[in-house]
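Q: Structure for the following, please:
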Amino acid sequence: AGQDTALQAKELARKAVRESQVLLKNNNKVLPLSPKSKVLVVGKSADSIANQSGGWTLSWQGTGNINADFPNGTSVLAGLKQALGDANVTFSETADDVDPSKFDAVIAVIGETPYAEGVGDIGKRSLEASKLYPTDLAVLDKVAGKGKPVVTVYLSGRPLYTNKEINRSDAFVAGFLPGTEGGGVADVLVKGRDWQDFSGKLSYSWPKSACQTPLNVGQAGYDPLFPYGYGLSARPATGYTP
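A: Okay, the predicted model is just below:
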């Protein structure tokens, strides 16, 4: 009975991941992807359960952990392979020596690396993601504008100023920290038999400049990039049968 309960916990966690993904941009209805898509997956967090999980996990800051330390976990990459089939998923972390035009879409999984109290404080640095994590922008530059849509899943412990990253993406998902169940991210990206539409809404306002603070609902001059409670559906408004 104990093992059955443990399996239910994984399903519940995966459901929580599905329902916490927030779709912020979806130009030309890129999402959901066809289950027959051939995709190129790039980015440092695509195959990193540590980056999916953040701080206060197996270690205080969440650092020094590899996928093998999460023996029953699933990375976003592994979840995509389950959804699309291994043969239809090509992974190149840095997007070097691959031709994006040979794929139906590119999925970039980028964002923050783990931190906890103190170490994660922004301090005098800005909220600008491209300054905090320049290699992420470099990866997007290699795949954007190559004729195939770029879907970015941004993993982070908080909203950051990500305009440069959003502008290089046809679709942009705030993935936050999905933890060990990366399959839940694939569930909303790929229109498989069990596809579930995005239902997540922002629980924080999303900044439109690098130093836009404070940024709270009800304050004078409240003008975020995406307001509190924002979140798109990927389901076409009419004529859609799942």
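Q: Can you list the helices and strands that the strand or helix carrying residue 187 packs against?
A: Element membership for residue 187 (DSSP states H and E) is helix 183-189. Where contact means 3 or more Cβ pairs under 8 Å, 6 or more residues apart in numbering; DSSP states H and E, helix 183-189 is packed against helix 2-20, helix 76-84, strand 150-155, strand 171-174. The C-beta positions use only the backbone N, C-alpha and C, and glycine is treated the same way.
Q: JSON lines for these, including distance to residue 70?
A: Shown next, in JSON lines, are the helices and strands packed on helix 183-189 (distance: least, Cβ to Cβ, whole Å):
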{"stretch": "helix 2-20", "distance to residue 70": "12"}
{"stretch": "helix 76-84", "distance to residue 70": "11"}
{"stretch": "strand 150-155", "distance to residue 70": "15"}
{"stretch": "strand 171-174", "distance to residue 70": "22"}
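Q: just so I know, which of those lies nearest residue 185?
A: helix 76-84 (4.9 Å; Cβ to Cβ).
Q: now the closest one: mean pLDDT?
A: For helix 76-84, mean pLDDT rounds to 97.
Q: Measure how far that helix is from the centre of its chain, please.
A: Helix 76-84 sits 13 Å away from the centroid of its parent chain (Cα atoms, centre = their mean, to the nearest Å).
Q: Show me what the helix or strand just after it is packed against.
A: With elements assigned by DSSP H and E, the helix or strand that comes after helix 76-84 is strand 89-91. Here strand 89-91 touches strand 39-42, helix 76-84, going by 3+ Cβ pairs under 8 Å, 6+ apart.
Q: now with 10 Å?
A: In terms of contacts (3 or more Cβ pairs under 10 Å, 6 or more residues apart in numbering; DSSP states H and E), strand 89-91 is packed against strand 39-42, helix 76-84, strand 105-111.
Q: Give me whichever of these is most buried.
A: Stretch with highest mean neighbour count among the helices and strands packed on strand 89-91: strand 105-111 (a mean of 28; mean count of other Cβ atoms under 10 Å).
Q: if we look at the very next helix or strand once past it, which residues are touching it?
A: As assigned by DSSP H and E, the chain's next helix or strand after strand 105-111 is helix 129-132. Here helix 129-132 makes contact (Cβ atoms under 10 Å, 6 or more residues apart in numbering) with 110-113, 122, 125-126, 136-138, 140, 154, 156, 159-166, 168, 210.
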